[in-house]
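K.L.:
Provide a 3D model corresponding to the input given below.
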Amino acid sequence: NNLVLGVRDFSIDNVPTRSRMGNRTMSFLFKVIGGLSISDTQTGLRAMDNKAIKEFVDVKGERFEYETNMLLETKRFGTEITEITIETIYEDTENHKSNFNTIKDSFRIFKILLAFVSSSLISCVVDVLMFAILIKVFGFLSEEIKIFIATAVARVISSIVNYFINHKAVFKSRSDVKATIWRYYILCAVQMLVAYIGVYLLVYFTHFNEVLMKLLTDFILFLISFQIQRDFIFQTKRKKQGYE
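P.N.:
Purely as a prediction, here's the structure:
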């Protein structure tokens, strides 16, 4: 049930610089943003069984855009990727006939992260606004209690918004709500605790504004959360015995 890729050896001398640099760029983006370790993202030599075709035939795009989307969709389909080294031959040493455009095609990978950024920005606005309001409302309480209440209530409200956007629009998970929401809220609980401790310590040691310290803490947590949600929360389970 794997998607089999015939991959080139980019370490040999006759590989055009354009192909080598373009592939390295795309492989890096696939790894960091897509969570996929692929040594040759531009290969068109791919093999799959008849059942897998039913999944991949509906992938959007044409030409190289389709090939890129196809690799990205393996995450959602729960499809493993197997690489087999093939002979590397270039008739044109400068590779002028290549359909790959480094900027244009790299942006297709970035769209995943941009979608996550958009989702996070929406929930962040909700979160920060609620936090700022609650800090004022509970201003009569001690610093640690005030920050804890504001962080908890604001995070619960914003997390509901964030979950449904990420589930449906960002990671397009095939898993139902029951299978993912409990993992999501475990992550939220840990994030909330870390955010509380982080904001409290930053305010305690720097005496800076609570909202500014929250923005700094949440930015760091954002980078970590993206990796966790992509690989553990909204990841479709691998299929062991064919496709449904």
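K.L.:
Okay, helices next: where are they in this structure?
P.N.:
For the chain, the helices defined by DSSP state H cover 17-29, 50-56, 63-77, 102-137, 143-165, 177-206, 210-228.
K.L.:
Quick one: list the elements packing against the second one.
P.N.:
In other words, helix 50-56. helix 63-77 (3 or more Cβ pairs under 8 Å, 6 or more residues apart in numbering; DSSP states H and E). Glycine gets a C-beta too; all of them are placed from N, C-alpha and C.
K.L.:
State the distance from Gly202 to Phe148.
P.N.:
One thing to correct before we go on: residue 202 is Leu, not Gly. Going from Leu202 to Phe148 by Cβ to Cβ, to the nearest Å gives 15 Å.
K.L.:
repeat for Gly34
P.N.:
36 Å.
K.L.:
burial count for Glu176?
P.N.:
For the record, residue 176 is Asp, not Glu. Asp176 has 9 neighbours, counted by other Cβ atoms under 10 Å.
K.L.:
Could I get the phi/psi values of it?
P.N.:
phi -80, psi 170 (degrees, to the nearest 10).
K.L.:
mean confidence for stretch 205-218?
P.N.:
Per-residue pLDDT over stretch 205-218 has a mean of 85.
K.L.:
for it, which positions count as buried?
P.N.:
For stretch 205-218, burial by neighbour count (16 or more other Cβ atoms under 10 Å) applies to 210, 213-214, 217-218.
K.L.:
contacts for that stretch?
P.N.:
124, 127-128, 131-132, 135, 147, 151, 194-195, 198-199, 202-203 (Cβ atoms under 8 Å, 6 or more residues apart in numbering).
K.L.:
Got a ChimeraX select line for the buried ones in those residues?
P.N.:
Here is the ChimeraX command that picks out the buried ones among these, judged by 16+ other Cβ under 10 Å:
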select :124,127,128,131,132,135,147,151,195,198,199,202,203
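K.L.:
Dump the helix or strand bottoming out on mean pLDDT in the chain to PDB, restricted to CA.
P.N.:
Sorting the helices and strands of the chain by mean pLDDT, DSSP states H and E puts helix 17-29 at the bottom, at a mean of 76. The C-alpha coordinates for helix 17-29 follow below in PDB (Å, rounded to 0.1, in the frame of the first residue of the first chain):
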ATOM      1  CA  THR A  17      23.100  22.800 -10.100                       C
ATOM      2  CA  ARG A  18      19.500  23.900 -10.700                       C
ATOM      3  CA  SER A  19      18.200  20.400 -10.000                       C
ATOM      4  CA  ARG A  20      20.500  19.900  -7.000                       C
ATOM      5  CA  MET A  21      19.600  23.200  -5.300                       C
ATOM      6  CA  GLY A  22      15.900  23.000  -6.100                       C
ATOM      7  CA  ASN A  23      15.600  19.500  -4.700                       C
ATOM      8  CA  ARG A  24      17.500  20.400  -1.500                       C
ATOM      9  CA  THR A  25      15.200  23.400  -1.000                       C
ATOM     10  CA  MET A  26      12.100  21.300  -1.500                       C
ATOM     11  CA  SER A  27      13.300  18.400   0.700                       C
ATOM     12  CA  PHE A  28      14.000  20.800   3.500                       C
ATOM     13  CA  LEU A  29      10.600  22.400   3.300                       C
END
